[in-house]
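Asks: Prediction below, plus the sequence it came from.
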Amino acid sequence: MIRIAPDILECDMNDSRPADRFMLWIDSVGGYMVSLSEEVVLGQPTRLAAADVPILGDLGGRHAVIRREGNDYSIEALRAVSVNDRPLRGACRLRDGCRLRLGDSVRLLFRRPHAFSNTARLDFVSSHRTQPSADAVLLLADTCLLGPSLRCHVVCRAWTAAVLLYPRQGEIYCRTDKPVVIDGAVCPGGGRIGRYSRVEGDGFSFNLEPIVE
């Protein structure tokens with residue numbers, strides 16, 4: 001089991017902090033839009049109403065809002081939204097496995113893969129994608145687990161070990177059981193990740209990229 005150690009070695013080769021939103025590109029696995037905010041707006045990308053999760057579909061600029069309050073998530077309908085095939089008026093609590101429909105055709109699946117993490121995941125059931133294109137959206141709360149287990153927030157089947165991502169005081173850190181290379185520097189057990197960081201380890205690699213408005 002991966003544990004967050006208070007004395008983790010910080011490798012500060014990249015000084016820039018990740019923004020509230022960034023892309024996580026995992027080699028041979030996929031790309032994921034990550035949001036650190038407790039409130040995210042879902043909608044069509046427009047100049048007048050910038051959505052936190054811009055979806056290329058027939059939606060309003062501000063179509064729905066997902067909020068995290070403590071251990072709970074809720075969704076508020078600003079335009080036509082259905083939860084588990086029931087039209088939503090106002091807001092309701094989200095549970096693992098909730099099926100969301102925005103407008104007539106955008107379909108998402110709300111997931112809470114790990115019982116001991118408040119991080120959630122939005123999977124596309126329909127063929128729609130975000131801008132920039134992502135395989136899924138990660139709503140990063142406390143921890144995000146990448147690895148071969150089905151309980152991981154991102155399942156990386158070919159990996160032999162797990163990597164833990166977690167925010168701390170506006171920074172993003174990674175933690176592993178083995179040394180990793182962050183931006184060319186060897187970091188035993190993990191370290192701090194900047195907004196353009198490249199992380200490589202035994203059988204895995206990924207990098208962060210800020211989302212440019």
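Replies: The structure has been received and is ready for your questions.

Asks: Just the element for the residue positioned nearest the centre of the chain, please.
Replies: Central residue of the chain (C-alpha atoms, centre = their mean): residue 138, 1.8 Å from the mean position. Assessed by DSSP states H and E, residue 138 sits inside strand 136-139.

Asks: and that strand, how far from the chain's centre?
Replies: Strand 136-139 sits 3 Å away from the centroid of its parent chain (C-alpha atoms, centre = their mean, to the nearest Å).

Asks: partners of it, with directions?
Replies: Strand 136-139 has its sheet partners listed here by DSSP bridges as strand 30-35 (parallel), strand 120-124 (antiparallel).

Asks: what's the following helix or strand past it packed up against?
Replies: Once the chain leaves strand 136-139, the next helix or strand it forms, by DSSP H and E, is strand 144-147. Secondary-structure packing of strand 144-147 (3 or more C-beta pairs under 8 Å, 6 or more residues apart in numbering; DSSP states H and E): strand 154-155, strand 163-168. For every residue, glycine as well, the C-beta is placed using N, CA and C.

Asks: Now residue 135: closest residue in space that isn't a chain neighbour?
Replies: Nearest in space to residue 135, with sequence neighbours left out and distances taken as C-beta to C-beta, 6 or more residues apart in numbering, is residue 30 at 3.9 Å.

Asks: Mind listing the residues bridging to that neighbour?
Replies: According to DSSP bridges, the partner residues bridging residue 30 are residue 26.

Asks: Per-residue pLDDT of it, please?
Replies: Residue 30 is assigned a predicted lDDT (pLDDT) of 97.
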